[in-house]
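> generate coordinates for the sequence data below:
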Amino acid sequence: MIELLDKQPINIYQLQNIKDLRPNILREHGKTIIDLMHYLPDPALWPARLPRPVRFKNNDLLDQVNLFASQLSQDIQVPVEVLLRKKWLSALINTVAFNENQANLP
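Residues are numbered from 1 along each chain as shown. Sure thing, here's the model as predicted:
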């Protein structure tokens with residue numbers, strides 16, 4: 001859908017060139033999509049994009065956190081998945097790796 005905002009089509013023909021939209025969606029909702037595109041605010045007023053998830057491949061920090069979590073889960077007899085969820089792990093890695101504010105942790 002990012003392509004839809006980048007190209008900002010003004011008619012159905014331009015809307016057909018967007019790869020993510022299926023033909024049945026174009027038939028049913030194409031006119032509505034074009035009408036909504038006319039009322040878009042300026043790009044300066046758009047909300048900030050969400051940050052991309054951190055790739056955890058070959059990351060020493062991730063290995064250390066996983067090792068600590070597995071040791072702790074064995075000590076208190078709670079599965080690792082319950083102890084440390086992926087969303088929490090991502091927030092923790094972002095905080096440590098990118099020196100973010102600890103107040104934003106879940």
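
> and the gap between the residue of the chain positioned farthest from its centre and Ala69?
When each C-alpha in the chain is compared with the mean C-alpha position (C-alpha atoms, centre = their mean), Asp75 comes out farthest, at 33.6 Å. Separation of Asp75 from Ala69 (C-beta to C-beta, to the nearest Å): 11 Å. (Each C-beta comes from the backbone N, C-alpha and C, glycine too.)

> need the contact list for Pro51.
Listed by C-beta atoms under 8 Å, 6 or more residues apart in numbering, the contact set of Pro51 reads Asn94.

> and it, which of the three is it?
Classification of Pro51 by DSSP: H, G, I helix; E, B strand; the rest coil places it in coil.

> re the thing from before, which helix or strand contains the residue farthest from the centre of the chain?
When secondary structure is defined by DSSP states H and E, Asp75 falls within helix 60-76.

> residues of the helix or strand that Lys31 is a member of that come out buried?
Assigned by DSSP H and E, Lys31 falls within helix 23-38. The neighbour-count criterion (16 or more other C-beta atoms under 10 Å) identifies 30, 33, 37 as the buried residues of helix 23-38.

> for Leu84, state which of these is nearest.
Ile33 (40.9 Å; C-beta to C-beta).

> outline the domain layout of this structure.
2-45, 60-104 (automatic domain parsing).

> ok, which of those domains comes nearest Arg52?
Nearest of the domains of the chain to Arg52, taken as C-beta to C-beta: domain 60-104 at 10.8 Å.

> quick check: mean pLDDT of the closest one?
Throughout domain 60-104, pLDDT has a mean value of 80.

> give the contact list for the closest residue in space to Ile33 that isn't next to it in sequence.
Nearest residue to Ile33, sequence neighbours excluded (C-beta to C-beta, 6 or more residues apart in numbering): Leu15, at 6.4 Å. Applying C-beta under 8 Å, 6+ apart, one finds that Leu15 lies in contact with 9, 21, 26, 30, 33-34.

> rebuild the domains of the chain as a markdown table, extending it with distance to Pro51.
Output for the domains of the chain, formatted as a markdown table (distance: least, C-beta to C-beta, whole Å):
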| stretch | distance to Pro51 |
| --- | --- |
| domain 2-45 | 15 |
| domain 60-104 | 8 |
